[in-house]
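K.L.:
Quick one, fold the following:
(chains A and B)
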Amino acid sequence: MKMDLILRITTKLLIPFMLLFALYVQFHGDYGPGGGFQAGVITAAMVILYALIFGLKAAQRVVPVSVVQFMVPLGVLVYTGVGVYTMFKGGEFLNYNLLGHDRVHAQEWGILLVEIGVYITVSGTMTAIFYMFAGRGR
Amino acid sequence: MEALINMVLLTLLAIVTIGVIRMKNLFAVVILSGIYSFLMASVFIVLDAVDVAMTEASVGAGISTVLLLGTLYLTKSEETEPLHKPYVALFLAAVTAGALIYGTLGLPPFGAPDAPIHLHVANRYIENWKEETGVPNVVTSVLASYRGFDTLGETAVIFTAGIGVLLLLKGRKSPGAETPDMQAEAVAARAAAREAEAEADAEDNLS
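P.N.:
Numbers count the residues shown, from 1 in each chain, chains lettered A, B, ... in the order given. As a prediction, the model looks like this:
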């Protein structure tokens, strides 16, 4: 796609806003629609767009395969880690109330951490699946 | 107004569905299924389910369309003719559809406040979520706090799907990743050599 100047420039302009929107959806999920799952998919879509326009190799230089594959289990570990931590604090699995001093604050922390776990696994998995499909030549 | 929008959207959904069934060009089918997902997302927005609409638009219309296009690149883009008449499948589909439509007759009317799903824990969440979680979006509080176990299960499902695809598609490539390409190149080189020879022969014959 060396000649598609318009596509390349538009993609370059779009990508930072896609990442910004993903982070907005992630951290504004407490107030508006969205959360870890949607933010993860938008982030994966950003990597996929980059790979479609600039080639798979360029995308894998920015987001290496090993990083993406590491993210697939990492998110689940973050999520269960929150649960195990609350168990160590003497409560039930995923009882967020033990994460802070007052109840509402603790709940917000729990939801934030858990959503980050979802984000890591979803964005990693979607990107990894795309890499796998795109990496198979005919 | 809302009823009109719903009717337009659902009619378009039906048209797109018939298009998906009738088309033989798989590229067109993939694009139509992307359009189907966008229409579905619009229906969800009309139903005030913004979170679901967002997911449908990004996953259904975005990622899965890209993945299907990636698959098309690896296969042919024309549907092959079926080898036999699919009457058994048609019969099974008709029976299942009939059973499902019969089942919908027993459902409570759309949006009924006394439907069983609205009488269980939903009211408790709606009454107490602000004091208990302090998160302004009730959907987020239900997903991540009240139903934290469910969301953990969903994350585990995505993790499992990702690992499954990685194992399936990676295993093929590992030891002899280069060999098919190299064989193909060798075959192509030999064919080119043969063609050159044949041309040379033809020229000899002419002269």
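K.L.:
Stretch A:108-116: which residues count as buried?
P.N.:
A:Glu108, A:Gly110, A:Ile111, A:Leu112, A:Leu113, A:Val114, A:Glu115, A:Ile116 (16 or more other Cβ atoms under 10 Å in any protein chain shown). Just so you know, the C-beta spots here come from the backbone N, C-alpha and C atoms, and that holds for glycine as well.
K.L.:
Spit out the contact partners of B:Ala53.
P.N.:
Shown in contact with B:Ala53 (Cβ atoms under 8 Å, 6 or more residues apart in numbering or on different chains): A:Pro33, B:Ala41, B:Ser42, B:Phe44, B:Ile45.
K.L.:
what's B:Asp114 in contact with, if anything?
P.N.:
B:Pro108.
K.L.:
most neighbours, which of the contacts of B:Ala53?
P.N.:
B:Ala41 (23 neighbours; other Cβ atoms under 10 Å in any protein chain shown).
K.L.:
for the strand or helix carrying it, what is the average pLDDT?
P.N.:
Element membership for B:Ala41, per DSSP states H and E: helix B:26-46. What helix B:26-46 shows for mean pLDDT is 93.
K.L.:
ok, and what's touching that helix?
P.N.:
With Cβ under 8 Å, 6+ apart, helix B:26-46 has contacts from B:2, B:5-6, B:9-10, B:12-13, B:16-17, B:19-20, B:23, B:50, B:52-54, B:56-57, B:59-61, B:64-65, B:68-69, B:72, B:76-79.
K.L.:
cutoff 7 Å now
P.N.:
For helix B:26-46, the external contacting residues (Cβ atoms under 7 Å, 6 or more residues apart in numbering or on different chains) are B:2, B:5-6, B:9, B:12-13, B:16-17, B:19-20, B:23, B:52-53, B:56-57, B:60-61, B:65, B:68-69, B:72, B:77-79.
K.L.:
near chain B, from the buried residues of stretch A:108-116?
P.N.:
The subset of these within reach of chain B, counting by Cβ under 7 Å from any Cβ of the partner chain, consists of A:Glu108, A:Gly110, A:Ile111, A:Val114, A:Glu115.
K.L.:
The last one reaches A:Gly34, doesn't it?
P.N.:
Just to be clear, that refers to A:Glu115. No - between A:Glu115 and A:Gly34 there is no contact under Cβ atoms under 7 Å: 9.6 Å.
K.L.:
between the two, what contacts are shared?
P.N.:
With Cβ under 7 Å, 6+ apart, A:Glu115 and A:Gly34 have no common neighbours.
K.L.:
Chain B against chain A: which residues are in contact?
P.N.:
Chain B has residues B:50-51, B:54-55, B:58-59, B:62-63, B:66-67, B:70-71, B:73-74, B:133-137, B:140, B:143-145, B:148-149, B:151-152, B:155-156, B:158-159, B:161-163, B:165-166, B:169-170 near chain A, with proximity defined as Cβ under 7 Å from any Cβ.
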